[in-house]
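Asker: prediction below, plus the sequence it came from.
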Amino acid sequence: MPFPHPQKVTKETFGEDEFKTLLTYIFDKVKYLKARTRGMRETLIPKWVKTYRGIPAEDPASWPWPGAANLVIQVAATHSDELLSRVMTIYQNDPVFIAKILGDFDPNDNEFGGEPQREMLEQFLTDIAYEPEELDLYRVEETGFSSAIRYGTGIFKFPWEYVVEKQPVYIGGGTEEGTKANFQTKDYTRRDGPHPEAIPLADWGIDPKFATLAESDFHYHTHHLNKHQVINKFKAHSEIFDAACVDHILASPDPIPEYRRQIENMKKMDQNDEGDLNKNWDIEECWFTYQKGTDIYRMIAFYHLQSETCIGIILNPYPENIEPFEDAKLAYDSEEYYGYGFCEMLESYQREISSTHNWRTNSRHFATTGVGRINKNSNLSSVVELFPGVLIPADKDEIEPLAFGVQALNYGVEDEEWTWKLASARAGVDPATGGAGGGVVNSKRGIYSAQGTSVAMQQMNNRNNLRSSDMKSCHVRIGRKLLMMYSHFGYGNKLRKYADRSELLKKALESYKEKKLGLVIRPVTASMNKELEKQNDILLSMTLERMYQSDAQLVQALVNPGCPQELKQLFTEQLKAKQYLMKTLLHNFDHPDAARLIPVPEFLKTERKNAINGSPAINGRALQQPGQAQTMVPTTNGSATIPVSGSTEVQ
């Protein structure tokens, strides 16, 4: 079932009159959007598919002669695949998502504190992203991002599915082995979680006037189903769908859309319209907002346009009314929804390069084959075919060679190369070797520096980085919605695979649900340089080590009875300043949990606590050694004192 557990699904209960109004609204919207996107669905997408696959307009070519050169130079596909390979580097390093802590946690809680929860969420999201039985996110995102790059827009859907299957179980004893009495069945939960898939762009309906998916008030996903799929998907779930309506639509199959036939013909698929399995029903899964009086609802309806029948309407069952859809764009447009893909962007360049290449090839074939002129009074043309090495019984000048297409033998590929460069400039995709050698330390030995490599990778074409970032932004949004679903619907009995860390995962998901744990999830960037990160961490550890030594010296000076009061006050201010500076530095180095790495002296904690409470004096814990008296270190205002060992109290 494409929703959470049936107990979490609520059908609409508006009453008969309001229900009729709602049905009219759905019918009008679906019909309007079908007409609004017909050109995109039936004309542009099939043409873009042919452009990407390099399918010629005529196969085989009939001009300038049958069987002439007919190669399509795949400019759009080459640039699309090149950019896709760079986008998918988000899976090159683990974790797939990077979580950052925004809230405050107990730095001394090493079991359920902020840092353990952050690490657990990163591991959890990475595990389920790769797991084929869970998300299989690599395959899904590669398909969706490829659609976004080719056609300008890619659509992702990840509904929560609850699927229970019957599994046979052998029961030993009581009867002879192998008999039916020895076997029983038990429920096996095949899926209880999100099921991501990339939706074909032709099966997505939205009003193009909305620039973003969040602004749209009505959009739909078309399901192309056969008879058995309709029965299994809808009729079996009477708690949601009307069985009588399902029977009604089964009497009205839809013709297979022409654009689907065109795409299937490109793959040389055999088409057979006989039998129930080849009959088609287009069911529109509509997600929309509906206002009843002053109340606004988020709803889901399943509608069959051919018979004008709605088989079920429910309220949005997802937390905070989120929708399990996300879109990726190659280039955002502030005026309309659909993006601008490479198949549309580079189509004219591809046609020009292919035409030039085939013209040159045909000209060379023509020139090297040769053309001859035979005297019109000769009978040789009817009895002799020319081929290399042939001996011809003919008079002088009876056969005359003609120089057709010979000039083409001297033509190079400059025109094609120049047009390809123009296409690459328009696409903004540099060769994969862009920036190569920028990080070389010693070119003879092939030694590279981490900093140089990082700079070389970041200096690559800005449009490359921009378009890659657009895809990664979608990756981020998908991660947030998935985490939202898991935090509300849970992870079921699969928590046991985390063994003793399952409680930590539950705690992290609960904290996210209650908004006690703030997370910023971002994808790993393509310019991530692990060696550079290691060197940065080494430098950071050296900086922290120097800070630890310096703080120890300052505290030692503070407990010295011979240290003047003014100098003690200066040392205290220095400790505070370094604490602030180092926390900022740690955040810049992507270490958000600074409290775990920067120890704070007890008297500074006490001073801060009293400053918050408004206390004029500080009764902190004494920094004293056994057998020593206490002295007091002045605070920032000079009036309060902090006990320090080794002398009498200093006011």
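Answerer: Cool, got the structure.
Asker: secondary structure class for residue 401?
Answerer: At residue 401, secondary structure determined by DSSP: H, G, I helix; E, B strand; the rest coil is strand.
Asker: where's the nearest residue to it once chain neighbours are set aside relative to residue 562, distance?
Answerer: Residue nearest to residue 401 in three dimensions, not counting chain neighbours: residue 372, with 5.4 Å by C-beta to C-beta, 6 or more residues apart in numbering. Bear in mind the C-beta positions are built from the backbone N, C-alpha and C, glycine included. To residue 562, residue 372 is 115 Å away according to C-beta to C-beta, to the nearest Å.
Asker: comparing these two, which shows the higher neighbour count?
Answerer: Counted by other C-beta atoms under 10 Å, residue 372 and residue 562 do not tie: residue 372 has more neighbours, with 12 against 8.
Asker: partner strands of the strand or helix carrying residue 301 and their direction?
Answerer: Using DSSP states H and E, residue 301 maps to strand 295-304. Sheet pairing for strand 295-304, assigned by DSSP bridges, gives strand 281-292 (antiparallel), strand 309-315 (antiparallel).
Asker: indicate which one of those is closest to residue 429.
Answerer: Closest approach to residue 429 among the strands paired with strand 295-304 is made by strand 281-292 (34.2 Å; C-beta to C-beta).
Asker: and the closest one, what's buried?
Answerer: Of all the residues in strand 281-292, those buried under the rule 16 or more other C-beta atoms under 10 Å are 281, 282, 283, 284, 285, 286, 287, 288, 290.
Asker: cool, and stretch 56-69?
Answerer: 61, 68, 69.
Asker: let me know the helix or strand that the first one is in.
Answerer: Using DSSP H and E, residue 61 sits within no helix or strand.
Asker: what's the burial count for the residue nearest to it when sequence neighbours are not counted?
Answerer: By the measure of C-beta to C-beta, 6+ apart, the closest residue to residue 61 outside its immediate chain neighbours is residue 70, 3.9 Å from it. Residue neighbour count, defined by other C-beta under 10 Å, stands at 17 for residue 70.
Asker: do the same with residue 296
Answerer: Around residue 296 there are 11 other residues, counting by other C-beta under 10 Å.
Asker: now do the contacts for the residue lying closest to it once chain neighbours are set aside.
Answerer: Counting by C-beta to C-beta, 6+ apart, residue 296 lies nearest to residue 289, which is 5.9 Å off, once chain neighbours are set aside. By C-beta atoms under 8 Å, 6 or more residues apart in numbering, the contact set of residue 289 is 217, 218, 296, 297, 298, 299.
Asker: look up how far residue 86 lies from the closest residue to the second one other than its chain neighbours.
Answerer: This points to residue 218. In this structure, residue 218 finds its nearest non-sequential neighbour in residue 288, 4.1 Å apart by C-beta to C-beta, 6+ apart. To residue 86, residue 288 is 36 Å away according to C-beta to C-beta.
Asker: and for residue 113?
Answerer: Residue 113 is 37 Å from residue 86, by C-beta to C-beta.
Asker: likewise residue 40?
Answerer: According to C-beta to C-beta, residue 40 and residue 86 sit 27 Å apart.
Asker: what about the residue nearest to residue 374 when sequence neighbours are not counted, how many neighbours?
Answerer: Counting by C-beta to C-beta, 6+ apart, the nearest residue to residue 374 once its immediate chain neighbours are dropped is residue 381, at 4.8 Å. Burial of residue 381 is recorded as 13 neighbouring residues (other C-beta under 10 Å).
Asker: you'd agree residue 381 is up against residue 372?
Answerer: No. At 9.2 Å, residue 381 does not count as touching residue 372 under the criterion of C-beta atoms under 8 Å.
Asker: rewinding a little: which secondary structure elements does the helix or strand encompassing the residue nearest to residue 374 sit against?
Answerer: Assessed by DSSP H and E, residue 381 sits inside helix 380-383. In terms of contacts (3 or more C-beta pairs under 8 Å, 6 or more residues apart in numbering; DSSP states H and E), helix 380-383 is not packed against any helix or strand.
Asker: list the buried residues of it.
Answerer: Within helix 380-383, the residues that qualify as buried are residue 380, counting by 16+ other C-beta under 10 Å.
Asker: who touches that helix?
Answerer: Applying C-beta under 8 Å, 6+ apart, the external contacts of helix 380-383 come out as 374, 392, 394, 398, 399.
Asker: tell me the phi and psi of the first one?
Answerer: Read that as residue 374. With angles defined as degrees, to the nearest 10, residue 374 sits at phi -110, psi 140.
Asker: beta partners of it?
Answerer: Beta-bridge pairing for residue 374 (DSSP bridges): residue 399.
Asker: what is the burial count for it?
Answerer: Using other C-beta under 10 Å, residue 374 has 17 neighbouring residues.
Asker: dump the residue contacts of it.
Answerer: Applying C-beta under 8 Å, 6+ apart, the residues near residue 374 are 380, 381, 398, 399, 400.
Asker: now it: how far from residue 366?
Answerer: Separation of residue 374 from residue 366 (C-beta to C-beta): 18 Å.
Asker: what do you get for the last one?
Answerer: Between residue 399 and residue 366 the computed distance is 18 Å (C-beta to C-beta).
Asker: coming back round to it: tell me if the residue nearest to residue 401 really is in a strand.
Answerer: Yes. Residue 372: assigned to a strand according to three-state DSSP.
Asker: for it, give me the pLDDT.
Answerer: With respect to pLDDT, residue 372 scores 76.
Asker: test my guess that it contacts residue 403.
Answerer: No. Counting by C-beta under 8 Å, residue 372 stays clear of residue 403, with 11.0 Å between them.
Asker: where does pLDDT dip in the stretch 151-300 of the chain?
Answerer: Filtered on pLDDT under 70, the stretch 151-300 of the chain yields the residue ranges 172-183, 266-276.
Asker: what about the strands in it?
Answerer: 153-157, 160-170, 183-194, 197-199, 204-206, 218-225, 281-292, 295-304 (DSSP state E, counting those that start in this stretch).
Asker: what's the closest of the ones you listed to residue 497?
Answerer: Relative to residue 497, the nearest member of the strands of the stretch 151-300 of the chain by C-beta to C-beta is strand 183-194, separated by 13.3 Å.
Asker: what angle sits between the closest one and strand 153-157?
Answerer: Here strand 183-194 runs at 140 degrees with respect to strand 153-157, directions being taken by axes from the mean of the first three to the mean of the last three C-alpha atoms, to 10 degrees.
Asker: tell me how far residue 143 lies from residue 52.
Answerer: Per C-beta to C-beta, residue 143 is found 13 Å from residue 52.
Asker: of those two, who's got more company?
Answerer: residue 52 (23 against 16).
Asker: what sits against the more buried one?
Answerer: Counting by C-beta under 8 Å, 6+ apart, residue 52 touches 74, 76, 77, 80, 150, 343.
Asker: and the third one, how many neighbours does it have?
Answerer: Yep, that's residue 77 we're talking about. Neighbourhood size, residue 77 [other C-beta under 10 Å]: 19.
Asker: quick one, helices of the stretch 201-350 of the chain?
Answerer: Applying DSSP state H, counting those that start in this stretch to the stretch 201-350 of the chain gives helices spanning 227-230, 243-250, 258-266, 342-345, 347-369.
Asker: in terms of helices and strands, where is residue 591?
Answerer: Using DSSP H and E, residue 591 maps to neither a helix nor a strand.
Asker: spatially nearest residue to it (excluding sequence neighbours)?
Answerer: Closest residue to residue 591 apart from its sequence neighbours, by C-beta to C-beta, 6+ apart: residue 597 at 6.4 Å.
Asker: appreciated, that's everything.
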